[in-house]
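>>> Following is a predicted model, sequence given first.
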Amino acid sequence: MVDSLPTIMALWQGTLADGQVRATANVVSKSSRQSQLEEADAKTLKIMAASDAMKLAVEDAQRAGPKLHASEADVGIPIEQARSAISSDRVHMALQPVVDSITRQPRFYECLMRFEGTDGRYHSAEKTIQAAESAGESDLVDKRSFQFAMELLDAHRHLNLSLNFSSPTFSDPLALAKMSETLSRRPEIAKRLIIEVTETTAIQDVEQATRFVTTLQKLGCRLAIDDFGSGYTSFDILQALPVDIVKIDGSLVVNINKYPSQSAFLERMVELSRQLGMETVAEWITDAETANTLSARGVDYLQGYYFGEPVVPD
């Protein structure tokens, strides 16, 4: 899989010349403790001021648009097949490019776990992971995902990846300790790894999620909040977690040229994120018109089938 990655990159017609996601500096004066507190208070006030208005905008946008689902059908596989796939090396990592909104070149890739079923086909892991969580076995999947990501980052020094974990991992001290130990030995890899956490996962235990991500951030990783805007607690999460990247939920993206309320909400979301020093990613993009609109709105990065499907390297 690792050896064929350059071929996959070529298929996406993208390069990773510098391999670095643009970093927006959070400028914090270090001259005094007072100035740090003042800036923290200002950030909190911005979020609180925007929160109520944005919650109303979410409601408007979701009411205006139809209920949507991801482009890729996710039928999953039974937990028994998942166990078998893991034990027999039939789990694979698919990579989907996240491109710069201006240059349209890949800046990082989202890692998406795939299981090779007994039918020889690749299956999306989302529902299988949910089944694994219910069975108390999601750690098997997450350990494998982390291992794959580390192998790819080790083999390709200009590569940046984002990786999502299941809910139990964010509250597992042992998992955090093992990841921290690995990343502390490889700081050059840690700075190229983005940890994604969904809004749903974060609100289950904000304290545990904060502890998990801040520990990895200190080692050089970045934090992306995934599916942002899909619920009513979105802007509260920005206040609770030290977010670097905001991934805007696809349901607020796909009809941006059809529903004015969605366009207005997204524009405010991008503006607030920029004020807070956070970068933005828009998901589920399937056509040029949507991509161009999002670029004009100031979104930093774009992701979706228009730029490339998740691909499992041979």
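Structure received. Numbers count the residues shown, from 1 in each chain.
>>> Which helix or strand in the chain has the lowest average pLDDT?
None of the helices or strands of the chain scores lower by mean pLDDT, DSSP states H and E than helix 33-64, at a mean of 50.
>>> tell me the secondary structure for residue 114?
Three-state call for residue 114 (DSSP: H, G, I helix; E, B strand; the rest coil): strand.
>>> if I read this right, it contacts residue 128, doesn't it?
No: counting by Cβ atoms under 8 Å, residue 114 sits too far from residue 128 to count as a contact (9.9 Å). C-betas here are computed from N, CA, C, even on glycine.
>>> more neighbours, those two?
Set side by side, residue 114 and residue 128 show more neighbours around residue 128, with 25 against 20, by other Cβ atoms under 10 Å.
>>> how close does the more buried one get to residue 286?
25 Å (Cβ to Cβ, to the nearest Å).
>>> Likewise for residue 97?
14 Å.
>>> what about these two, which has more around it?
Ranked by neighbour count (other Cβ under 10 Å), residue 97 and residue 286 place residue 97 first, with 27 against 15.
>>> mind listing the strands for this structure?
For the chain, the strands defined by DSSP state E occupy 91-100, 106-116, 122-124, 161-164, 193-198, 222-228, 245-248, 279-282, 301-303.
>>> so what does the longest one touch, helix or strand wise?
Right, the one you point to is strand 106-116. helix 79-87, strand 91-100, strand 122-124, helix 138-155, strand 161-164, strand 301-303 (3 or more Cβ pairs under 8 Å, 6 or more residues apart in numbering; DSSP states H and E).
>>> Where does pLDDT dip in the stretch 101-250 of the chain?
231-234 (pLDDT under 70).
>>> can you rerun that using 90?
113-142, 144, 166-168, 198-206, 227, 229-240 (pLDDT under 90).
>>> How many residues are close by residue 100?
17.
>>> mind putting the helices and strands packed on strand 106-116 in JSON lines, distance to residue 177 included?
Compiled in JSON lines, the helices and strands packed on strand 106-116 are given as follows (distance: least, Cβ to Cβ, whole Å):
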{"stretch": "helix 79-87", "distance to residue 177": "22"}
{"stretch": "strand 91-100", "distance to residue 177": "23"}
{"stretch": "strand 122-124", "distance to residue 177": "30"}
{"stretch": "helix 138-155", "distance to residue 177": "13"}
{"stretch": "strand 161-164", "distance to residue 177": "17"}
{"stretch": "strand 301-303", "distance to residue 177": "31"}
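>>> Pick the most buried one from those.
strand 301-303 (a mean of 25; mean count of other Cβ atoms under 10 Å).
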